[in-house]
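K.L.:
sequence plus the predicted model coming up.
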Amino acid sequence: MKRFMIFVLVLAAAFLTACNASGDQAASGETVSLLVSGGETSQTYTRADLEALGASQATFNDVTYVGVSVGALLEDAGFNLDEVKAVKAVASDGYTVNYDPAQVLAADVIVAYARADGDLVDDEGPFRMVLPGTEGKLNARMLVELQVVK
Amino acid sequence: MKLSTRELATLAVFGALWGLVEISLGSVLKTLNIPMSGMVLSAIGLVIALTGRVFVPRRGSTLFIGVIAMLLKLFSLGGVILGPMVGIFTEALVAEIVLSLTGKPRRGSLALAGALGVAWVLVQPFITNPLLFGRTLFTVWLDLLDRGEQLLGLPPSSALWIILGFLLIYLAVGVAAGLLAWSIAHLLQKRLGHPDPSITHPKSQGEE
């Protein structure tokens, strides 16, 4: 029984270490650009590119973020917003979430590249979705790609 | 349903156990973005709730355990999370309905309750997301297809296989949860000097 418990503890430790390693890799900032894609359209944005598109503010969980509205970003990438059926956010850790156009194209929904008081923290960056007033799982962190479903 | 103080205390213990798993392991699994964390939590929760049902084989006891767990979820590290709270309640409700319909808790009825309770985790987003979070069924469907692609390696065009694959996994895990609950209850009752759960509580069902 004692051996079994030690085996389980070692296994759990290895599992948690693996999860942590994955998180560190994601947070290390290897990917510093955001890909906006859909159909034949594909556009890559750096933080400077996003800053040039605008600096809207949105608040989630009492933190104010600065970023560009999703609508403005998609239009800049060449998408006709009327044709958008859904938008999928892809995070560097593999997490994905799909949004309705009505939800994600609202004026207060942004792709954040900074907090109002500084940079995004390690486990948020390089970019994150901010949908004020929605549940946590819709506010994808470590955003690396937006896929447009037309 | 009139429960004795001993029965209430027993249900409270099982409910608290489920609630503690939800607010501790649940927060960890969600934070680490572990795949199928909902299924894992549901299976663990139902093992606890179904074990409790064997200890207090009264109509409504599984739901009672679920309500206590749901209330404890209010104290979750991530704050009040409506989705998981509704999830806990509905999983307990599904298990309760199955056990109320099948009568006295038996190995088979616990397995069925576990299977349907865990499988409910697949269905729940299609109801709660539109109702609670204003999402459309289409985006919830897309989320499911994405998960199928990530976890089962199937392209979104194989929607039917994704559904069948997930359903099979969830039902199998649920059956295992039910059987495990039966074994745990059996073992616990033996160790506690209680009579065999498979032959006790002759007046416990349907008295209401």
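P.N.:
Received, thanks. Model, not experiment: these values are computed from the prediction.
K.L.:
and the strands in chain A, which stretches?
P.N.:
Listed in chain order, the strands of chain A (DSSP state E) span A:34-38, A:41-45, A:56-60, A:63-69, A:86-91, A:96-99, A:110-115, A:128-130, A:143-149.
K.L.:
export the ones you listed to JSON lines and tack on distance to chain B, mean pLDDT and mean neighbour count?
P.N.:
To be clear about C-beta, it is placed using only N, CA and C from the backbone, and glycine gets the same treatment. Output for those, formatted as JSON lines (distance: least, Cβ to the nearest Cβ, whole Å; pLDDT from 0 to 100; neighbours: other Cβ atoms under 10 Å in any protein chain shown):
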{"stretch": "strand A:34-38", "distance to chain B": "13", "mean pLDDT": "94", "mean neighbour count": "20"}
{"stretch": "strand A:41-45", "distance to chain B": "19", "mean pLDDT": "93", "mean neighbour count": "15"}
{"stretch": "strand A:56-60", "distance to chain B": "12", "mean pLDDT": "93", "mean neighbour count": "18"}
{"stretch": "strand A:63-69", "distance to chain B": "14", "mean pLDDT": "95", "mean neighbour count": "21"}
{"stretch": "strand A:86-91", "distance to chain B": "6", "mean pLDDT": "95", "mean neighbour count": "22"}
{"stretch": "strand A:96-99", "distance to chain B": "4", "mean pLDDT": "94", "mean neighbour count": "22"}
{"stretch": "strand A:110-115", "distance to chain B": "18", "mean pLDDT": "95", "mean neighbour count": "24"}
{"stretch": "strand A:128-130", "distance to chain B": "14", "mean pLDDT": "96", "mean neighbour count": "26"}
{"stretch": "strand A:143-149", "distance to chain B": "7", "mean pLDDT": "95", "mean neighbour count": "21"}
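K.L.:
of all these, which one comes closest to B:Glu91?
P.N.:
Between B:Glu91 and the strands of chain A, the shortest gap by Cβ to Cβ is with strand A:96-99, which sits at 22.6 Å.
K.L.:
the closest one pairs with which strands, parallel or anti?
P.N.:
strand A:86-91 (antiparallel) (DSSP bridges).
K.L.:
ok so, going back, I'd like to know which of the strands of chain A is closest to B:Thr5.
P.N.:
strand A:56-60 (45.4 Å).
K.L.:
quick one: strands adjacent to that closest one?
P.N.:
strand A:63-69 (antiparallel).
K.L.:
using PDB, list the CA coordinates for the strand it pairs with.
P.N.:
As requested, the backbone C-alpha atoms of strand A:63-69 are provided in PDB (Å, rounded to 0.1, in the frame of the first residue of the first chain):
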ATOM      1  CA  VAL A  63      -8.800  44.700 -14.400                       C
ATOM      2  CA  THR A  64      -8.900  47.200 -17.200                       C
ATOM      3  CA  TYR A  65      -7.200  46.100 -20.400                       C
ATOM      4  CA  VAL A  66      -6.100  48.100 -23.400                       C
ATOM      5  CA  GLY A  67      -6.500  46.700 -26.900                       C
ATOM      6  CA  VAL A  68      -8.100  46.900 -30.300                       C
ATOM      7  CA  SER A  69     -11.800  46.000 -30.900                       C
END
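K.L.:
can you tell me who A:Gly118 pairs with across the strands?
P.N.:
When bridges are assigned using DSSP bridges, the partners listed for A:Gly118 are A:Arg115.
K.L.:
and it, how far is that from A:Val66?
P.N.:
For A:Gly118, the distance to A:Val66 (Cβ to Cβ, to the nearest Å) stands at 10 Å.
K.L.:
go on, B:Phe89?
P.N.:
From B:Phe89 over to A:Val66 the distance is 38 Å, taken as Cβ to Cβ.
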